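Participant: build me a model from this:
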Amino acid sequence: MTSTYTFDDLKIDVAAGRIDTVIAAQVDMQGRLMGKRFQAEYFVDSAFKETHSCNYLLATDMEMETVPGYKASSWEKGYGDYTMKPDLATLRKLPWLEGTALVLCDVLDHHTHEEVPHSPRTILKTQVKRLADMGYTAFMASELEFFLFDQSFEAALARGLETLV
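Facilitator: So this is what the prediction gives:
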């Protein structure tokens with residue numbers, strides 16, 4: 001992904017007071033952005049290199065509850081850190097949040113700094129490379145869906161997920 005908003009552009013906007021917040025986000029297994037908000041000067045001074053997040057953030061359900069069965073994170077194994085490495089090619093101003101920029105991060109093992117294999121960005125990059133190795137180019141887009149119900153997940157489950165309202 002090529003950015004039309006460069007790190008140098010961000011530095012200029014931060015110095016001019018046009019950008020005061022940078023969101024560094026990873027994509028979790030539910031497709032949500034999880035991450036941190038940085039004071040913009042701090043981001044351009046040092047956080048653009050890397051930051052950290054709990055490995056819990058990749059392995060939660062839609063209600064932010066820990067999902068049992070993951071080898072990477074659990075109450076039994078304990079929770080550790082991942083390294084979030086900002087991919088500055090994804091840097092963008094957010095038109096819906098004044099004074100805010102967003103950058104997507106690759107998720108790296110805290111100790112080895114290798115990409116976490118079950119991170120959605122790593123999975124996507126691996127699959128795109130496999131296609132390229134076969135002479136194909138992927139063209140895709142996301143399909144965004146939104147569901148709003150008048151009952152809790154527990155109430156719906158108790159009703160067998162029938163007659164959702």
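Participant: ok, and the closest non-adjacent residue to Val128?
Facilitator: Counting by C-beta to C-beta, 6 or more residues apart in numbering, Ala138 is the residue found nearest to Val128 once chain neighbours are left out, at 5.4 Å. In this view, the C-beta of every residue, glycine as well, is placed from N, C-alpha and C.
Participant: for that neighbour, give me its contacts.
Facilitator: 127-128, 131 (C-beta atoms under 8 Å, 6 or more residues apart in numbering).
Participant: go again using 10 Å as the cut-off
Facilitator: By C-beta atoms under 10 Å, 6 or more residues apart in numbering, the contact set of Ala138 is 124, 127-128, 130-132.
Participant: which one among those residues gets closest to Tyr5?
Facilitator: For those, the closest approach to Tyr5 (C-beta to C-beta) belongs to Leu124, at 21.4 Å.
Participant: tell me the phi and psi of His52?
Facilitator: phi -130, psi 150 (degrees, to the nearest 10).
Participant: tell me how many other residues crowd it.
Facilitator: 12 (other C-beta atoms under 10 Å).
Participant: enumerate the positions of the worst-scoring helix or strand of the chain on mean pLDDT that are buried.
Facilitator: Sorting the helices and strands of the chain by mean pLDDT, DSSP states H and E puts helix 153-158 at the bottom, at a mean of 80. Buried positions in helix 153-158, judged by neighbour count with 16 or more other C-beta atoms under 10 Å: Ala156.
Participant: who does it touch, helix- and strand-wise?
Facilitator: Judged by 3 or more C-beta pairs under 10 Å, 6 or more residues apart in numbering; DSSP states H and E, helix 153-158 is in contact with no other helix or strand.
Participant: which stretches of this protein have low pLDDT?
Facilitator: 1-3, 74, 162-165 (pLDDT under 70).
Participant: which residues of it fall in strands?
Facilitator: Secondary structure of the chain (DSSP state E): strands located at 21-27, 33-39, 51-54, 81-86, 92-93, 100-109.
Participant: next, the angle from the last one to strand 21-27.
Facilitator: Angle of strand 100-109 versus strand 21-27, following axes from the mean of the first three to the mean of the last three C-alpha atoms, to 10 degrees, is 40 degrees.
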